[in-house]
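Peer 1: using only what follows, build the 3D model:
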Amino acid sequence: MIDYYKILGVPPNASAAEIKRAYRTKAKLLHPDVAKSDTTEEFKLLTQAYEILSNLHQRSLFDESFSHHMRYERGSRSEDTFDYRTWLMERNDDESKAKLIFFDLMHNREDDAVELFKKMNIERPSFSLKYWFTRENFMDYGFILAEELVLRGEYYDAVLILEQIIKMEYTYEYFRHFFPEVMSLARQVIIRQLGGSINPELALDAWERALDLGFEKKDESLILLKMAETYLAMGDLNTAAICTQEALRLDRSAKLSPALRALT
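Peer 2: Residues are numbered from 1 along each chain as shown. Purely as a prediction, here's the structure:
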C-alpha cells in the first residue's frame, strides 16, 4: 500500500497547512514542465497523495486503511504492531480526538466514545465533531452518537448533535426516508425527556433551539408550554405568560395547567 505521507514527506500528524506547503514545494521540483528528467509518474503520484490527504474524508479513510495494512505487514509481533486506536489516543489535537470518538463508536466501545465526547466538550468549548468529517459521515455517525447519549440520559448533548444534523438535512437532503427517525428521536428527547432531567437553564436553551427545527405547530406549542412552566417555576411570570400566549396561538386546543391558565 502506498504511503502518501511518505510521498509528501510529512508525518501522519501533519496539519492541512503543512500538507499544502509540502505539496507546493515538491510540485515545483517535479512538475514535468520544469524538471530536467521525466517526472510525470512521480508528479501524478504526488498529486494523488495531496488530493487524498487534503480531503478530510479521504484522509480519514486512508488513515484507517493504512493502519490495518501496517498491522498485516508487521504480523502479530506485539512490538511491531501498529494500533490505530493507540496512535489516536496518544495524540491531543482535536482532529485525532474526533476520529477516536467515532472510531470507538463503531468498534463496540460506545462508553469510551461518549466519555471522550463529554470530556472534550468540557475541556474545549470550541470542540466540534463536524469539522473533521464529511457532512455525510458526520450525520451518520453523529446520529449514532446521539442515540448513545440518549441511552445514557445525556439529553442536552444529544439535542445539540441532533440540531446540527437536522439543520444540515434542511440545507441539503441526505437522510431522505430515514429523516423521520431523526425527527422522532429529537421530538422524544425534547418533549418527553428534557424537563426535570437537566438544569432548567440548559433545558430552556434546548427548547429554544428546538423551535427552529421545523416541528409541527402542535409540537412547538408543547415545547412553549414546557418553557412556560419552567419560567414560572423560576419566578419569571412575564416570560411564562408570553410563552403561554404563543403556545395558544399555535394550538388553540393546548391544555394548560391551572398555574398557566391563571396567566392568560
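
Peer 1: in this structure, what helix or strand scores lowest on average pLDDT?
Peer 2: helix 56-74 (a mean of 71; mean pLDDT, DSSP states H and E).

Peer 1: which stretches of the stretch 51-200 of the chain form helices?
Peer 2: 56-74, 84-89, 94-105, 110-123, 135-151, 155-171, 179-187, 200-210 (DSSP state H, counting those that start in this stretch).

Peer 1: can I get the ones you listed in JSON lines including distance to I7 and mean neighbour count?
Peer 2: In this view, the C-beta of every residue, glycine as well, is placed from N, C-alpha and C. Putting the helices of the stretch 51-200 of the chain into JSON lines (distance: least, Cβ to Cβ, whole Å; neighbours: other Cβ atoms under 10 Å) gives the following:
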{"stretch": "helix 56-74", "distance to I7": "12", "mean neighbour count": "16"}
{"stretch": "helix 84-89", "distance to I7": "20", "mean neighbour count": "16"}
{"stretch": "helix 94-105", "distance to I7": "20", "mean neighbour count": "21"}
{"stretch": "helix 110-123", "distance to I7": "32", "mean neighbour count": "16"}
{"stretch": "helix 135-151", "distance to I7": "25", "mean neighbour count": "19"}
{"stretch": "helix 155-171", "distance to I7": "34", "mean neighbour count": "20"}
{"stretch": "helix 179-187", "distance to I7": "40", "mean neighbour count": "16"}
{"stretch": "helix 200-210", "distance to I7": "45", "mean neighbour count": "18"}
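
Peer 1: moving C-terminal of the host helix or strand of N238, what's the next helix or strand?
Peer 2: According to DSSP states H and E, N238 maps onto helix 237-250. Later in the chain than helix 237-250, the nearest helix or strand by DSSP H and E is helix 258-261.

Peer 1: which other helices and strands does that next one contact?
Peer 2: helix 217-233 (3 or more Cβ pairs under 8 Å, 6 or more residues apart in numbering; DSSP states H and E).

Peer 1: quick one: the helix it packs on to helix 200-210, angle?
Peer 2: Put simply, helix 217-233 runs at 160 degrees to helix 200-210, going by axes from the mean of the first three to the mean of the last three Cα atoms, to 10 degrees.

Peer 1: start at 49 instead
Peer 2: From this message on, residue numbering opens at 49, which makes the last subject helix 265-281.

Peer 1: identify the residues contacting helix 265-281?
Peer 2: 235, 238-239, 242-243, 248, 251-252, 255-256, 258-259, 263, 285, 287-289, 291-292, 294-296, 298-299, 302, 304-305, 307-308, 311 (Cβ atoms under 8 Å, 6 or more residues apart in numbering).

Peer 1: for I55, which non-adjacent residue is spatially closest?
Peer 2: Among residues not flanking I55 along the chain, A97 sits closest, at 4.2 Å (Cβ to Cβ, 6 or more residues apart in numbering).

Peer 1: touching, that neighbour and L56? I think so.
Peer 2: Yes - applying Cβ atoms under 8 Å, one finds A97 in contact with L56, separated by 5.2 Å.

Peer 1: pull up the overlap in contacts between the two.
Peer 2: With Cβ under 8 Å, 6+ apart as the test, A97 and L56 both reach Y71.

Peer 1: ok, now which ones touch the residue nearest to I55?
Peer 2: A97 touches I50, Y52, Y53, I55, L56, Y71, counting by Cβ under 8 Å, 6+ apart.
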